[in-house]
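A.B. asks: model this:
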Amino acid sequence: MFGCDKMNRQDWILIACILLAAFGLALCTARYASRREERWAVIEQDGREIGRLSLQEEREFCITCSAGGTHCVRIADGQARVEEADCPDLICVHQGWLSRVGDTAVCLPHRIVVRIEGE
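C.D. replies: Residues are numbered from 1 along each chain as shown. Alright, predicted model coming up:
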C-alpha cells in the first residue's frame, strides 16, 4: 500500500512505545481525577441524615437505633463500610466496602442507609 511489504523491528518498537505512553497517561489521569473528587459517607436513619463523614479521614461512627440495635460504620483508605451490626440478616455488613459515588448499604430492620456522595 505505501511501498512496504512488512513491518520491521523499529516499527514494532515504535508501536509499543506509543501504546505504553498512552497507557501511562490514562493511568495518571485516572488517579488524578479520583483524588480531586471529595466524597462523603452519608448516614441516614429513618430517612433523616445523622452523619456526613469525609472519606479522607479514617474513623469509626457508631449508631444506636430506636429499636435498640447498634451499627458501626468504619471509614478507611477512602472507603466506608458497615463494620458491625446486630440486625438479624446482616445484609448491610455483607455489602462490603463502598467507595464510588452512588454505592449504598441498607439495613431494613433498623432503617439505616449508608450512601457515598461526591462532587
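
A.B. asks: Which residue ranges make up the domains of the protein?
C.D. replies: The record's domain split for the chain, according to automatic domain parsing, is 1-36, 39-118.

A.B. asks: mind checking the SS state of Ala16?
C.D. replies: Three states are possible here, and by DSSP: H, G, I helix; E, B strand; the rest coil the one that applies to Ala16 is helix.

A.B. asks: tell me which residues in stretch 57-76 are buried?
C.D. replies: Using 16 or more other Cβ atoms under 10 Å as the test for burial, stretch 57-76 gives 61, 63, 65, 69, 71, 73-75. Heads up, the C-betas are built off the backbone N, CA and C, glycines and all.

A.B. asks: So what's the model's average confidence on the helix or strand where Leu19 lies?
C.D. replies: Per DSSP states H and E, Leu19 falls inside helix 9-36. The pLDDT scores in helix 9-36 average 83.

A.B. asks: hang on, the earlier thing: single out the most deeply packed of the domains of the chain.
C.D. replies: Of all the domains of the chain, domain 39-118 has the most neighbours on average by mean count of other Cβ atoms under 10 Å, namely a mean of 16.

A.B. asks: That domain - what's its average pLDDT?
C.D. replies: Predicted confidence along domain 39-118 averages 90 (mean pLDDT).
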